[in-house]
Each structure stands twice: as C-alpha cells, then as structure tokens.
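Trainee: below are the sequence and a predicted model; questions follow.
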Amino acid sequence: MKYLAEGTCYLFPPESQKRRDLETRLANLLSSEGYQEVVLPIVQAYDFDAPRPLRKMTDAAYKFVDYRGQVMVLRPDMTEVVANLACRELKDIPRPLRLFYSGSVFRTRRPRWAGMLESYQIGAEMVGVSAPEGDVEMLSLAAECLKTAGVLGFRMRLGHIGVMESVMDFAGMSEEQKADLRSALASRDLVQVERLIGNLGIPRVCRQFLEKILEFPDGEDILEAARHLASCDKSQQTARALSELEEIISGASARGIGDFIQLDMGLMRDLEYYTGTVFEVYTPGCGGPISGGGRYDGLLKILGRPEGAVGFALDMQQILNTLSKGNGNAGLYIGEL
C-alpha cells in the first residue's frame, strides 16, 4: 500500500531546515513592513450556494464529509480565506488592513511544479487601499521578499485585467466568448487564443491588439498598441485602465523595481473577481512561476463589503527548488504521479 499520496512530498534535512529559516526571514521582513500575521484554518465548509466565481476554486478542492454529514474542503486558496476574514471578523478594524500568512493549499488539479497537489505558501494581503498606491506597495514588497530569499535574476510579468476586459467589451464579445478567451489566456493556450480571435467578428483595431499580445511584446511596443486601441474606444474604458497601469509602472520605477518588471498584456486569471493588475514572477531555470498576485476588488464586492484589496503569494517549494539548482534535492521525496 502506498502511504505517500500522489502529488505530495516529505521534506527532511537539510531542505526542511532551509524552509524553516527562509520562512522566518520572510516573516520578519513582512512584520517590519507593518503586516500582521494571521493563522488560517486548513478545513472549511463547502458552500453549495456560493456565487459561481467563488465555486471555481472550491470545486477544484479536496472534499470530504465530516461526522455531521457536512461537506468540507481542504483549503484550496489563501486569498479567499483572508478576504472572508477581512469582511467579517475584521470588518471593524481600521483600514488599511495589512496581513500575512503561511501554510499549505491543496488542489486536485495543479499544473505547476512537478504536478504538486500540495503547495506551501507565504503571502501578504492588503485591504482598504485602492490602485495605484496599493499595487505599487505590493509589487515592491514581493520584490523585497524575493531579494531577501536570495532569488537572483527574477522577472515580474505584469498585466492588467481591466485593460483586457475593456478590450473585450470594445470588441463586443459575448459573455461566453469572454469566458473562453479568459480561460485560454489564463492557461497560456496560445493555439486556442489564436483560434478564438480568428473566429470573432471584431473591430480591426481590437484584432490587431489581441494578435499583438501573442507575440509577447514588451515595454513601449505593447503600450503603444494599447494606446492606439484606447484612442479608438469612445467609452474611455480602455484609456482609464491603461492610465492606471501606467501609473503603477511609474510608481514601481520610483521605488527602484522598474527593471524587474516586464509587461504581459495577455496575463489573465481564470477567476472573475480579479479587477486590476495581475503579476507572476519567473526566474531562470524554473519551469513555473515562483510567485503571483494581483488586485481582487471584485471578491470583496461579492462578499458584501466593496473595498480595494491586493495581495501576492510566494511558492516556498518553488523558491527552495530554485535556490537548490545544481545542488540536488536530497531533502525532498515526492509521491509518484
């Protein structure tokens, strides 16, 4: 009989001590920046009546029935737990609310590092601050965490949900077409993206922009394409989202992290409550992102307390794997996939 479940792992010396030391350094940094630690429950009740955007994550969670017959899930995501905490138990605490956490999340489908179904994270969330101020702080804090961890040569790929949503609105896409494009972009299925674009009867300027993002252009190239499209959008929706993104880029540069940022207008989340900036962090030699985050004002609105919220999480095993390149992973034993 197999004791170690597929997609989970043992962590033993020296890797276990490395993770403990790294977690301590990062926790000290986050505390020094004014973030307070919260310890979150691993088990939560499954809500059959939750709005569809919230069920997307829990539907991919490990479910079981407790002694009362209640369907429960192992925590699939930290952000939604923190958002619930902020909207309920901490609703009367003065804003901005700065929190950090550490712990495992469990997902039945996790196409990330080595197919791992359990991921250990440390992350930070800020509630009650709007863009661009909150987004700049979060990007800067994520970069500082990575530097503290000793990660070299990382790049923060930065996109904006608002820009892509405004483009889809300007193109006159149906809700079904939008959902299909979001899903294809989120999964980086460029073949599917190209097929979807080809089948849409949309304005030429929208098609040119969507085709442009498939080339992964960086910096001024993609900004110029977005500005041209914004000038054609009479609703000004694209212009407002683009202006916010440019303010965030300017603020990040003022904080000294502009050189770490690469624009990726095709970066999307397959969760509808993300509303503004989204980012993923990559480093050479690592096949998946080692960190990710973004603005999720829509989640707080769904939970009944509309306010700004932004955060990020670091994948601790991805980071340890990156730091251990060339030294082997003797302290890691993974269940067969």
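Mentor: Thanks, I have the structure now.
Trainee: now the strands for the stretch 201-337 of the chain?
Mentor: Assigned strands in the stretch 201-337 of the chain, in chain order: 261-263, 277-282, 291-295, 309-315, 332-334 (criterion: DSSP state E, counting those that start in this stretch).
Trainee: quick check, Gly123 in a helix?
Mentor: No. Per DSSP: H, G, I helix; E, B strand; the rest coil, Gly123 lies outside any helix segment and is strand.
Trainee: so how far is Gly293 from the closest residue to it other than its chain neighbours?
Mentor: Nearest residue to Gly123 in three dimensions, chain neighbours excluded: Ala313, at 3.4 Å (Cβ to Cβ, 6 or more residues apart in numbering). The way it works is simple: take the backbone N, C-alpha and C, and place the C-beta from them, glycine included. To Gly293, Ala313 is 7 Å away according to Cβ to Cβ, to the nearest Å.
Trainee: which neighbours do those two share?
Mentor: Taking Cβ atoms under 8 Å, 6 or more residues apart in numbering as the contact rule, Ala313 and Gly293 both touch Gly123.
Trainee: so between the two, which is more surrounded?
Mentor: Using other Cβ atoms under 10 Å as the criterion, Ala313 and Gly293 rank with Gly293 on top: 26 against 22.
Trainee: ok, the nearest residue to the more buried one once chain neighbours are set aside - contacts?
Mentor: Setting aside the residues directly before and after it, Gly293 is nearest to Phe312 in space (Cβ to Cβ, 6+ apart), at 2.7 Å. By Cβ under 8 Å, 6+ apart, Phe312 lies in contact with 123-124, 138, 141-142, 279, 291-294.
Trainee: what about Leu40, neighbour count?
Mentor: Around Leu40 there are 16 residues (other Cβ under 10 Å).
Trainee: where does it land in three-state SS?
Mentor: Assignment for Leu40 (three-state DSSP): coil.
Trainee: is it true that it touches Tyr101?
Mentor: Yes. Contact criterion Cβ atoms under 8 Å: Leu40 and Tyr101 qualify, at 5.5 Å.
Trainee: I'd guessed the residue nearest to Gly123 sits against Ile290; true?
Mentor: No. In this structure Ala313 lies outside contact range of Ile290 using Cβ under 8 Å: 10.1 Å.
Trainee: so the residue nearest the centre of the chain bridges to which residues?
Mentor: In the chain, the centroid-proximal residue (Cα atoms, centre = their mean) is Gly293; its distance is 3.3 Å. Beta-bridge partners for Gly293, by DSSP bridges, are Phe279, Phe312.
Trainee: and it, how close does it get to Thr79?
Mentor: If you go by Cβ to Cβ, the gap between Gly293 and Thr79 works out to 9 Å.
Trainee: same question for Leu26.
Mentor: 18 Å.
Trainee: before we move on, what about Phe312?
Mentor: Distance, Phe312 to Thr79, using Cβ to Cβ: 9 Å.
Trainee: and for Ile197?
Mentor: Distance, Ile197 to Thr79, by Cβ to Cβ: 30 Å.
Trainee: ok, these two, which is more surrounded?
Mentor: Thr79 (24 against 18).
Trainee: return the residues in contact with the more buried one.
Mentor: Thr79 touches 123, 125, 296, 299, 311, 313, counting by Cβ under 8 Å, 6+ apart.
Trainee: is it in a helix, a strand, or coil?
Mentor: Recorded secondary structure, Thr79: helix (three-state DSSP).
Trainee: what pLDDT does Asp270 get?
Mentor: pLDDT, Asp270: 79.
Trainee: same question for Ile202.
Mentor: 87.
Trainee: neighbours of it, how many?
Mentor: Neighbours around Ile202, by other Cβ under 10 Å: 18.
Trainee: check the one 10 residues further on too.
Mentor: The local packing of Lys212 (other Cβ under 10 Å) involves 19 other residues.
Trainee: that one contacts Ile222, doesn't it?
Mentor: Yes. Between Lys212 and Ile222 there is a contact under Cβ under 8 Å: 6.6 Å.
Trainee: ok, the nearest residue to Glu211 once chain neighbours are set aside - contacts?
Mentor: Excluding its sequence neighbours, the residue lying closest to Glu211 (Cβ to Cβ, 6+ apart) is Ile197, at 6.4 Å. Neighbour list for Ile197: 207, 210-211 [criterion: Cβ under 8 Å, 6+ apart].
Trainee: then the helix or strand hosting Ile197 to PDB, C-alphas only?
Mentor: Per DSSP states H and E, Ile197 falls inside helix 190-198. C-alpha atoms of helix 190-198 as PDB (Å, rounded to 0.1, in the frame of the first residue of the first chain):
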ATOM      1  CA  LEU A 190      -1.900  30.300 -27.500                       C
ATOM      2  CA  VAL A 191      -3.200  28.000 -30.200                       C
ATOM      3  CA  GLN A 192      -6.700  28.300 -28.700                       C
ATOM      4  CA  VAL A 193      -6.300  32.100 -28.300                       C
ATOM      5  CA  GLU A 194      -5.400  32.400 -31.900                       C
ATOM      6  CA  ARG A 195      -8.300  30.200 -33.000                       C
ATOM      7  CA  LEU A 196     -10.800  32.200 -30.900                       C
ATOM      8  CA  ILE A 197      -9.500  35.500 -32.300                       C
ATOM      9  CA  GLY A 198      -9.800  34.200 -35.800                       C
END
